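> Could you look at this predicted model? Sequence included:
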Amino acid sequence: MTSYHPIVTADWLLEHLDDDNVRVLDASVLAEETPDEFRVHPGAEAYQEEHIPGAFFADLLTVFSDTKATVPLTAVSHEAFVTLARGLGIHDDTTVVIYDRGPLVNASFTASDWASRLWWQFRLAGHEDVYVLAGGLPQWKKQAGPLTDEIPLAAAGTFTGSHRPELLADINDVRRAMHDDQTVIMNCLSLEDFRGESGRYPRKGHIPGSTHVFFGDLSREDGTLPLPERLHEQFRESGVLDADKRVITYCGGGVAATWNALVLTSLGREPAVYDGSLMEWTSDDANPLTLPEDS
């Protein structure tokens, strides 16, 4: 297993904020959740009001997603991502640090899954020198990090990357995985969603055979990751730590699933993310779902 920790702290970024080789990206999305609805708003306006000095805004909803796809938040092609990364002044040797404003408005947990969504897209494009800022902008503010409303400028980068298809799962991969004991399918949503007790999706339940670890349980109050010993305990029963098995993470729209992927990457496992997740899966009645009473 390779050693790579995908989180940097506010202290680290404060020390390296002026480094020429560091590029900070604001991937904020303002999300609100009710028992029956999940609403998202672009974070561009919040970014324009205040952001970490030198940070560029990366619009996850309309720029880093394929707006022509049938499922929202579908990752753009490798070629499109390369062009976007270059537009942010990124080179193949750039250290990229991504932050957001938290997973949800007034969330009780600190997992930066919007930032991890872009982190995963960089990994998918073959860029390994990429990190998520622990606790995002809220933690940065707590530590009195500087803020600005100045929009930076940068010369175009020369990023090329190398597409890593093994980090992306499509609907056919998941269909096959349901019948493959060498693949673990992990649901990263809340327990209520997993059990079909919420009304957030057109059809209730989880993909048959799924194990479950809620992404919001995989961060500490300051946005850092729990100690490896604690993470091993949280993941042990799921089977995802078995080095001989492939892991596919999913959620509602391919966002929370990237946080579990990030956490597992810190433990030396690199899952594939089912990008379409339940938004795609539940759109076709032919795709089965399981409820607790079915098991």
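Okay, I see it.

> Check what pLDDT the nearest residue to residue 242 once chain neighbours are set aside gets.
In space, and not counting its chain neighbours, residue 242 is closest to residue 184: 7.5 Å by C-beta to C-beta, 6 or more residues apart in numbering. Bear in mind the C-beta positions are built from the backbone N, C-alpha and C, glycine included. pLDDT recorded at residue 184 is 98.

> Then residue 41?
On the pLDDT scale, residue 41 is placed at 89.

> and the nearest residue to it once chain neighbours are set aside, what element?
Nearest non-adjacent residue to residue 41, counting by C-beta to C-beta, 6+ apart: residue 30, 4.3 Å away. Residue 30 belongs to strand 29-34 when assigned by DSSP states H and E.

> Might you calculate how far that strand sits from the centre of the chain?
On the basis of C-alpha atoms, centre = their mean, to the nearest Å, strand 29-34 is displaced by 15 Å from the centre of the chain it belongs to.

> Check which helices and strands it sits against.
strand 37-42 (3 or more C-beta pairs under 8 Å, 6 or more residues apart in numbering; DSSP states H and E).

> Quickly run through the sheet partners of the strand it packs on, with directions.
Using DSSP bridges, strand 37-42 pairs in its sheet with strand 29-34 (antiparallel).

> Render the CA-only coordinates of the partner strand in PDB, please.
Extracted C-alpha coordinates of strand 29-34, given in PDB (Å, rounded to 0.1, in the frame of the first residue of the first chain):
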ATOM      1  CA  VAL A  29     -21.400  24.600  -3.400                       C
ATOM      2  CA  LEU A  30     -24.100  25.800  -1.000                       C
ATOM      3  CA  ALA A  31     -26.300  22.800  -0.300                       C
ATOM      4  CA  GLU A  32     -29.400  22.600   1.800                       C
ATOM      5  CA  GLU A  33     -31.200  19.300   2.900                       C
ATOM      6  CA  THR A  34     -34.600  18.700   4.200                       C
END
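
> that older thread, does the residue nearest to residue 41 touch residue 38 like I think?
No. Judged on C-beta atoms under 8 Å, residue 30 makes no contact with residue 38 at a distance of 11.9 Å.

> So which residues make contact with stretch 182-193?
Applying C-beta atoms under 8 Å, 6 or more residues apart in numbering, the contact partners of stretch 182-193 are 174, 176-178, 194, 198, 200-201, 206-207, 209-216, 238-240, 242, 244-252, 256-257, 259-260, 271, 278.

> that older thread, extract the C-alpha trace of the helix or strand containing the residue nearest to residue 242 and format it as PDB.
Element membership of residue 184, judged by DSSP H and E, is strand 183-187. Provided in PDB are the C-alpha atoms of strand 183-187 (Å, rounded to 0.1, in the frame of the first residue of the first chain):
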ATOM      1  CA  THR A 183     -16.200  -6.400  -5.500                       C
ATOM      2  CA  VAL A 184     -17.500  -4.400  -2.500                       C
ATOM      3  CA  ILE A 185     -20.200  -1.800  -3.200                       C
ATOM      4  CA  MET A 186     -20.300   0.900  -0.500                       C
ATOM      5  CA  ASN A 187     -23.300   3.200   0.100                       C
END
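
> could you point out which element follows that strand?
Next along the chain from strand 183-187, counting by DSSP H and E, comes helix 191-194.
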